[in-house]
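1. Output the structure for:
(2 chains)
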Protein chains: 2
Amino acid sequence: MLGIQEIASYIPSGRSSNYAKKELFEIDDAFIEDKIGVKQVAVKDSQEDTSDLCVKAFNKLQQKTGLNTSDVECVIVVTQNPDTNIPHTSAIIHGQLGLPEQCACFDISLGCSGFVYGLSIIQSLMESNSFTKGLLFTADPYSKIINANDKNTALLFGDAATVTLISNNPVLITGKFNMGTIGKDNKELICNNNELSMNGRAIFNFAARYVPADIKALLEKNNKQMEDIDVFIFHQGSKYIVDTLTKRLNLPKDKVPFDIMNYGNTVSSSIPIIIEQKLQDKSYTNIVISGFGVGLSWASTILTRLN
Amino acid sequence: MLGIQEIASYIPSGRSSNYAKKELFEIDDAFIEDKIGVKQVAVKDSQEDTSDLCVKAFNKLQQKTGLNTSDVECVIVVTQNPDTNIPHTSAIIHGQLGLPEQCACFDISLGCSGFVYGLSIIQSLMESNSFTKGLLFTADPYSKIINANDKNTALLFGDAATVTLISNNPVLITGKFNMGTIGKDNKELICNNNELSMNGRAIFNFAARYVPADIKALLEKNNKQMEDIDVFIFHQGSKYIVDTLTKRLNLPKDKVPFDIMNYGNTVSSSIPIIIEQKLQDKSYTNIVISGFGVGLSWASTILTRLN
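-> Model (predicted):
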């Protein structure tokens, strides 16, 4: 049985403080701390590219697990900010890590729902091809496409990468998945001419409306009750959206982590960064994860602890 | 059991003649007809974007099958030339076609190996999520990134899109897959600053060396003999590479289609365009398909006719 064996994340040490932007954007401490919940965003070095962030996450994974690169049978990179569009970033990483020739590599273009989708995609592919070790990377450094004068994006998004080792020796296994799309609203979060543009209110309204219903449907699909779930890890879009989902689902606050105060919304990396923290904590048996954003798109599943 | 039910392709009517480029590139008719085997390349209208090509392919699929859009449960677009990097092109297509909200959509970044990879990815995903109808698009209009003065690319690549309906009512089913990567050579085919650059000799050498061994390994993996295969559909990189593979594998010429004289190398669309022609021809029982290129990357499988 395949599942999550280990996760490692890399958050660059560079930071851009939102307190320094108070005058520019006419915002106060309450907006920074209580509304968006992001005091500073992580910013990669200008020399670091997407593949470099992934390689740094991989180095940490290797320290944790002693993984032998010759055992890796597939690599998927979830990104919408690849090093280049041709070739795919997974091939660049394949070369940098010296992975075996018999290794399937491709990128997936998805945003904040990408990690959850990616889990379903990589596990399905591995299952049907009898692979036992695969790497799911997330890395979407929005600093490459953010206009520092755009209040809707400059205060929110931080750079990071994660890598999840999927193997036949899992700590967490996935339940059934929900996946959906509202393509007609795709222009609410878009990158044109290398500049990100987001209609924050539209994205908020989408998540506030769709995610609670999706979580209820997910639980039913997996024959679980709300009380069976030990922690709900929502995509860390902002404090406001996580608080709103908590309220609308009547969840106890201590079951809903919010963790991005010091590095920002890291797109598809936000969920695995938090799972990594809970991975060895055996008090968490059932974990709901739910990603939503670019597309518009959403995906959710339940992770269950095996050991 | 899931497999290929139908395929439709869209090749734009615009053409750019290679005979008109003889002086510029100092080439003769023999080079055009016998070496690259491309007399003219298909060029999309400048107003058409990648999603538009896909929608036109879909319209043809719908004419052939009467497919109800409300039955589509997932959409994958294989492309390295998306409309934009954010959002994914599959979401744009989802909106244009008015597909259901409960529909999984994402793009895959792969080049000439992308259709074969895509078959494994979409079928695995559908199987594990109990989907019965999914769409696999290929569309990589290189005219967006080709420098008209670059002899290595301007004579070869044509624009096209295809869509493959994967369903539980298949005509062809897939066997086991081979998938591989040589990431260290990724710079041999790359797009920088919106301009494609290809080391044609390196790509040729890669394919000529790796593909024959891969086909032999594929047959063994699927318990087939060379003689069991009715047709070998190689990625249509150029006449020279297809001829070379034919020779190195000692294949009868009439088992190896070459079809791109009048539209060019359409990247991930080259294989499904040819499968579409063979789909209703019951003399083709076992079909090897093999894609190779950007990454460097390759993938192969055997399609077997069910009815």
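2. and the residue of the stretch 151-300 of chain A found nearest chain B, backbone torsions?
-> Across the stretch 151-300 of chain A, the shortest distance to chain B (Cβ to the nearest Cβ) belongs to A:Gly183, at 3.0 Å. C-beta coordinates here come from the backbone N, C-alpha and C atoms, glycine included. With angles defined as degrees, to the nearest 10, A:Gly183 sits at phi -60, psi -30.
3. separation between it and B:Gly98?
-> 9 Å (Cβ to Cβ, to the nearest Å).
4. So which of these two has more stuff around it?
-> The neighbour comparison of A:Gly183 against B:Gly98 (other Cβ atoms under 10 Å in any protein chain shown) goes to A:Gly183, with 25 against 10.
5. got the contact list for A:Ile108?
-> Residues near A:Ile108 by Cβ atoms under 8 Å, 6 or more residues apart in numbering or on different chains: A:Ile76, A:Val77, A:Val78, A:Thr79, A:Gly114, A:Tyr117, A:Gly118, A:Ile121, B:Phe106, B:Asp107, B:Ile108, B:Ser109.
6. Is there a neighbour count for A:Tyr210? I'd like the number.
-> Using other Cβ under 10 Å, A:Tyr210 has 17 neighbouring residues.
7. Kindly report the same for A:Leu53.
-> A:Leu53, neighbours per other Cβ under 10 Å, totals 30.
8. Surely it touches A:Ile11?
-> No: under the criterion of Cβ atoms under 8 Å, A:Leu53 is not in contact with A:Ile11, lying 9.1 Å apart.
9. who touches both of these two?
-> With Cβ under 8 Å, 6+ apart as the test, A:Leu53 and A:Ile11 both reach A:Asp159, A:Ala160.
10. Does the residue of the stretch 151-300 of chain A closest to chain B touch B:His94 like I think?
-> Yes: using Cβ under 8 Å, A:Gly183 is in contact with B:His94, at 3.0 Å.
11. Pull up the overlap in contacts between those two.
-> With Cβ under 8 Å, 6+ apart, A:Gly183 and B:His94 have common neighbours B:Cys105.
12. Helix, strand, or coil at A:Ala57?
-> Here A:Ala57 is helix, with the state taken from DSSP: H, G, I helix; E, B strand; the rest coil.
13. and if you look at A:Ile27?
-> Applying three-state DSSP: A:Ile27 is coil.
14. how much space is there between it and A:Lys21?
-> Counting by Cβ to Cβ, the gap from A:Ile27 to A:Lys21 is 7 Å.
15. likewise A:Ile92?
-> 33 Å.
16. what about those two, which has more around it?
-> Neighbour count, other Cβ under 10 Å: between A:Ile92 and A:Lys21, A:Ile92 has more, with 28 against 18.
17. Contacts only, for that one.
-> Per Cβ under 8 Å, 6+ apart, neighbours of A:Ile92: A:Ser51, A:Asp83, B:Gly183, B:Asn186.
18. Could you say which helix or strand holds it?
-> Using DSSP states H and E, A:Ile92 maps to helix A:89-97.
19. does stretch A:213-220 come close to chain B?
-> No: figure legend: stretch A:213-220 not in contact with chain B (Cβ under 8 Å from any Cβ of the partner chain); closest approach 9.3 Å.
20. Show me the contact partners of that stretch.
-> A:176, A:178, A:180, A:225-226, A:228-229, A:232, A:249, A:288, A:290, A:298, A:300-302.
21. Dump that stretch to CSV, keeping only the CA atoms.
-> Extracted in CSV, the C-alpha atoms of stretch A:213-220 (Å, rounded to 0.1, in the frame of the first residue of the first chain):
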residue,chain,number,x,y,z
ALA,A,213,-19.8,21.9,1.2
ASP,A,214,-16.8,20.0,-0.2
ILE,A,215,-15.6,19.0,3.2
LYS,A,216,-19.0,17.7,4.1
ALA,A,217,-19.2,15.7,0.9
LEU,A,218,-15.6,14.4,1.5
LEU,A,219,-16.5,13.1,4.9
GLU,A,220,-19.6,11.3,3.6
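22. How many residues are close by A:Leu249?
-> Using other Cβ under 10 Å, A:Leu249 has 18 other residues around it.
23. Mind pulling the model confidence for it?
-> The score at A:Leu249 is 97. That number is its pLDDT.
24. The residue nearest to it when sequence neighbours are not counted and A:Ala299, how far apart?
-> Ranked by Cβ to Cβ, 6 or more residues apart in numbering or on different chains and with sequence neighbours excluded, the top spatial neighbour of A:Leu249 is A:Pro212, at 5.2 Å. Per Cβ to Cβ, A:Pro212 is found 15 Å from A:Ala299.
25. Which one of the two is surrounded by more residues?
-> The residue with more neighbours, out of A:Pro212 and A:Ala299, is A:Ala299; 29 against 19, by other Cβ under 10 Å.
26. three-state assignment of that one?
-> strand.
27. Who are the packing partners of whatever helix or strand A:Thr304 lives in?
-> Using DSSP H and E, the element containing A:Thr304 is strand A:297-305. Counting contacts by 3 or more Cβ pairs under 8 Å, 6 or more residues apart in numbering or on different chains; DSSP states H and E, strand A:297-305 packs against helix A:114-129, strand A:172-174, strand A:178-181, helix A:200-221, strand A:286-293, strand B:104-109.
28. Could you pull up the residues touching the residue nearest to A:Thr266 when sequence neighbours are not counted?
-> Nearest in space to A:Thr266, with sequence neighbours left out and distances taken as Cβ to Cβ, 6+ apart, is A:Ala160 at 3.9 Å. A:Ala160 is in contact with A:Ser9, A:Tyr10, A:Ile11, A:Pro12, A:Ala42, A:Leu53, A:Ala139, A:Pro141, A:Tyr263, A:Thr266, A:Ser269, A:Ile273, counting by Cβ under 8 Å, 6+ apart.
29. Mind doing that once more with 6 Å?
-> Residues in contact with A:Ala160 (Cβ atoms under 6 Å, 6 or more residues apart in numbering or on different chains) are A:Ile11, A:Thr266, A:Ser269.
30. And A:Asp228, by the same measure?
-> Per Cβ under 6 Å, 6+ apart, neighbours of A:Asp228: A:Asn286.
31. Equivalent analysis for A:Val171, please.
-> A:Leu279.
32. Where does pLDDT dip in the stretch 201-307 of chain A?
-> Residues of the stretch 201-307 of chain A meeting the criterion pLDDT under 70: none.
33. burial count for A:Ser9?
-> A:Ser9 has 24 nearby residues by other Cβ under 10 Å.
34. Tell me what it is bridged to.
-> A:Thr162 (DSSP bridges).
35. Isn't it up against A:Ile273?
-> Yes: counting by Cβ atoms under 6 Å, A:Ser9 touches A:Ile273, with 4.8 Å between them.
36. Contact residues of the stretch 151-300 of chain A facing chain B?
-> A:Met179, A:Gly180, A:Thr181, A:Ile182, A:Gly183, A:Lys184, A:Asn186, A:Ile190, A:Cys191, A:Val294, A:Gly295 (Cβ under 6 Å from any Cβ of the partner chain).
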